[in-house]
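K.L.:
Sequence and predicted structure, then a few things I'm wondering about:
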Amino acid sequence: MDFVPVNKPMLGEEETTEISKIIQSGALTHKEGKGKYVLKFEESFAKFIGTKHAIAVNSGTAALHSALLALNLDPKDEIIVPTFTFVATAEVVLHVGCKVVFSDINPRTFNIDLSTIQKKVTNRTKAIIAVHLYGHPVDLNPILEFAKDKEIAVIEDVAQAHGGTYYGKMVGSLGDFGCFSFYPSKNMTTGEGGMITTNSSELADKLRMIRNHGESEEYKTVVLGHNFRMPELSAAIGDIQLKKLKDFLTKRATNAEILNNALQDVETINIPIVEEWATHAWYLYTTTLKDPTKRNDLIAKLRKENIGTGVYYSTPLHLMPLFQKLYGFKGGEFLNSEKASKSVLSLPVYPGINKEQMEFIANKTREVCLSL
């Protein structure tokens, strides 16, 4: 079997054909970020997620940054962020001049929940960024109720959970904002790109200004903004990818089930937990090893079988040099996250893996785990 990476974009002739049309037209982008392909993609995405608005930007990081800018934050304001996530979720807080307040995770889902964030809330807390890590939704209802009572905004970081559902509702449709990434490894891609979903027309108008230098009309800047515009090329790819997303998700779930069946009785490894109220989007099939010291051995043995793996994430954010320098973390502050960072291991389930390959991956992983 040829090498199978932990994730890979699924692009076809449809994307190639549409990109060629745009290149031939010369209309690669739109100066206000409102080209016909962007507008079409936004409309389709809002309909898919179930929100009134979708605002296309050029990365998931830009989506998070824009959402924070739309909140009119002050320098002393605090934003609660899980420490067990990708750095973009926290770095945007620093870029808007606010304080990152880290939260630990629930070890069942690797996500924050109400119990992990309540003790972190102060009278300076202005937003909670809830990351649907690996594709498993956050338990949002208790957080939303708590946040509403405290007048705290809830930003869903949906970079890893396109198509996941919480009690039957699409993630990205429940908070004040949903922030998506379309990086090549994600469940759908635009190469680079992002999307912000919201049901607030006021916020949507502001977000459209923020992505285009804060302009309300040409050369009239009314709020602080950036060049966060999505190019037409990216939007064209995204609209086609969105049409394929349901099939992608079905295949990911099928592949995850093959791994579950092979590994569920193996004592050396824990398979992912899916809560009854959740539909997992399976961006990553993330296991934990009962003996974390065996992780590198497992990675090496699977690599010899041409099976790629990933560790997301080997260092919680509070133990990265940037945040240690800013806030003085030494280790031991967020035990669930620190334990997870030493034991998590992700296996491939992306849609391009055929049944024969998937069964080989599952059986070899079982075989190696039993030998540990």
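P.N.:
Okay, I see it.
K.L.:
and residue 40, how many neighbours?
P.N.:
Applying other CB atoms under 10 Å, we find 14 other residues in the vicinity of residue 40. C-beta here means a position set from N, CA and C on the backbone, and glycine is covered the same way.
K.L.:
That one - that's part of a helix, no?
P.N.:
Yes - judged by DSSP: H, G, I helix; E, B strand; the rest coil, residue 40 forms part of a helix.
K.L.:
Distance of residue 98 relative to residue 117?
P.N.:
Relative to residue 117, residue 98 is positioned 16 Å away (CB to CB, to the nearest Å).
K.L.:
With only the CA atoms kept, save stretch 358-372 in CSV.
P.N.:
Provided in CSV are the C-alpha atoms of stretch 358-372 (Å, rounded to 0.1, in the frame of the first residue of the first chain):
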residue,chain,number,x,y,z
MET,A,358,-9.0,1.4,5.4
GLU,A,359,-9.3,-2.2,6.5
PHE,A,360,-5.5,-2.6,6.1
ILE,A,361,-5.0,0.5,8.3
ALA,A,362,-7.4,-0.8,10.9
ASN,A,363,-6.0,-4.3,11.0
LYS,A,364,-2.4,-3.1,11.1
THR,A,365,-3.2,-0.6,13.9
ARG,A,366,-4.9,-3.4,15.9
GLU,A,367,-1.9,-5.7,15.3
VAL,A,368,0.6,-3.1,16.4
CYS,A,369,-1.4,-2.0,19.4
LEU,A,370,-1.8,-5.6,20.6
SER,A,371,2.0,-5.9,20.5
LEU,A,372,2.7,-2.8,22.6
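K.L.:
Name the residues of stretch 194-203 that come out as buried.
P.N.:
Using 16 or more other CB atoms under 10 Å as the test for burial, stretch 194-203 gives 194-199, 203.
K.L.:
List the contacts of the longest strand belonging to the chain.
P.N.:
Longest strand in the chain by number of residues (criterion: DSSP state E): strand 125-131. Applying CB atoms under 8 Å, 6 or more residues apart in numbering, the contact partners of strand 125-131 are 64, 68, 71, 73, 77-82, 85, 89, 93, 98, 101, 111-112, 117, 138, 140, 143, 147, 150, 152-157, 159-160, 175.
K.L.:
who does it pair up with?
P.N.:
strand 78-82 (parallel), strand 153-157 (parallel) (DSSP bridges).
K.L.:
Now tell me what touches the last one from outside.
P.N.:
If I follow you right, that is strand 153-157. Counting by CB under 8 Å, 6+ apart, 60, 64, 67-68, 71, 85, 89, 126-132, 138, 140, 143-144, 147, 171-172, 174-179 sit against strand 153-157.
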